[in-house]
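> Return a 3D structure for these sequence lines:
(chains A and B)
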Amino acid sequence: NAGVTQTPKFQVLKTGQSMTLQCAQDMNHEYMSWYRQDPGMGLRLIHYSVGAGITDQGEVPNGYNVSRSTTEDFPLRLLSAAPSQTSVYFCASSYSPGALTEAFFGQGTRLTVV
Amino acid sequence: GENVEQHPSTLSVQEGDSAVIKCTYSDSASNYFPWYKQELGKGPQLIIDIRSNVGEKKDQRIAVTLNKTAKHFSLHITETQPEDSAVYFCAASKGATDSWGKFQFGAGTQVVVTP
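Modelled structure (predicted):
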């Protein structure tokens, strides 16, 4: 099993550009989420999904969109990139909503907005 | 909502010594407390977790303790080795239907083990 796969690993965007960060998992996990990691602030939840067709906002959702058309994929879209979105982004998945189980993280996408 | 505070932000230890990282949480309904280790350039990986019906859990050189009354939990690493150098995150979660799988993370502790 590959686990959680994120692409790309690195990306530089110009202010105002849009892009999609890809996330795929092959563990048949229902729950998937996106976090951003900034120095001194830990991991902050952007959006999450408890299953195909169901998404909801996390702690810092502004400027980001998500969709969940399949169990495997959970892409994160930046609509109009801003320098404040420079960060490392992690996608994570968990076995089952409501179950107290670990989250499996991807390797991360380091995004720089200039 | 839940707030998790983690201390210290950096921790330097000599190889073979013990390391302790402490976290406090605010929501008494939280009932799952995982610890993640993040090595440079990688995603966080679970190293140990504890549920609210347990006070202590050990796995070889690492242990976690939970004090529900005081709402704090700690990670203990004994006989530290250079490969323990990493950023460690604590987190809190609750299995309620309005919080499925959502974790509140601490800010992280950079642990450096010097030979």
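> My read is that B:Gln45 contacts B:Trp35, right?
No - look at B:Gln45 against B:Trp35 with Cβ atoms under 8 Å: they stay out of range, at 10.0 Å. (Glycine included, C-beta is placed from N, CA and C.)
> Those two - which one has more neighbours?
Each of B:Gln45 and B:Trp35 has its neighbours counted (other Cβ atoms under 10 Å in any protein chain shown); B:Trp35 has more, 22 against 14.
> and that one, that's in a strand?
Yes - under DSSP: H, G, I helix; E, B strand; the rest coil, B:Trp35 sits within a strand.
> Please, which helix or strand holds the most centrally placed residue in chain A?
Central residue of chain A (Cα atoms, centre = their mean): A:Trp34, 2.8 Å from the mean position. A:Trp34 belongs to strand A:31-37 when assigned by DSSP states H and E.
> And that strand, what's buried?
Neighbour-count burial for strand A:31-37 flags A:Tyr31, A:Met32, A:Ser33, A:Trp34, A:Tyr35, A:Arg36, A:Gln37 (criterion: 16 or more other Cβ atoms under 10 Å in any protein chain shown).
> Which ones, among these, also lie beside chain B?
Restricting these to those near chain B by Cβ under 8 Å from any Cβ of the partner chain leaves A:Tyr31, A:Ser33, A:Tyr35.
> Output the residues you listed in CSV, with pLDDT and distance to A:Gly58 appended to each entry.
CSV is the format used below for those (pLDDT from 0 to 100; distance: Cβ to Cβ, whole Å):
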residue, pLDDT, distance to A:Gly58
A:Tyr31, 89, 12
A:Ser33, 93, 7
A:Tyr35, 95, 8
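> Identify the residue spatially nearest to A:Arg36, adjacent ones excluded.
Leaving aside its sequence neighbours, A:Arg36 sits nearest to A:Ser87 (Cβ to Cβ, 6 or more residues apart in numbering or on different chains; 4.3 Å).
> Could I get the full set of strands for the chain?
Answering for chain A, as no chain was given. Here chain A has its strands, by DSSP state E, at A:4-7, A:10-13, A:19-25, A:31-37, A:43-51, A:54-57, A:64-66, A:76-78, A:87-94, A:103-105, A:109-113.
> that's the wrong chain, I meant chain B
Along chain B, the segments classed as strands by DSSP E run B:4-7, B:10-14, B:19-25, B:32-38, B:45-51, B:56-59, B:62-67, B:72-77, B:86-92, B:104-105, B:109-114.
> picking that back up, so what touches the strand holding A:Trp34?
Residues from elsewhere that reach strand A:31-37 (Cβ atoms under 8 Å, 6 or more residues apart in numbering or on different chains): A:21, A:23, A:25, A:43-51, A:58, A:60, A:64, A:66, A:68, A:74, A:76, A:85, A:87-97, A:103, A:108, B:100-102, B:105.
> what pairs with that strand, and is each one parallel or antiparallel?
Note on strand A:31-37: by DSSP bridges, its sheet partners are strand A:43-51 (antiparallel), strand A:87-94 (antiparallel).
> Can you check what angle separates the longest one from strand B:86-92?
An angle of 60 degrees separates the directions of strand A:43-51 and strand B:86-92 when computed by axes from the mean of the first three to the mean of the last three Cα atoms, to 10 degrees.
> Send me strand A:43-51 as CSV with only the CA atoms.
Extracted in CSV, the C-alpha atoms of strand A:43-51 (Å, rounded to 0.1, in the frame of the first residue of the first chain):
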residue,chain,number,x,y,z
LEU,A,43,-1.0,21.9,12.3
ARG,A,44,-4.2,23.8,11.6
LEU,A,45,-7.2,22.1,10.0
ILE,A,46,-8.4,23.7,6.7
HIS,A,47,-11.1,21.4,5.5
TYR,A,48,-12.2,17.8,6.1
SER,A,49,-14.5,15.2,4.7
VAL,A,50,-16.3,12.3,6.5
GLY,A,51,-17.0,10.5,3.3
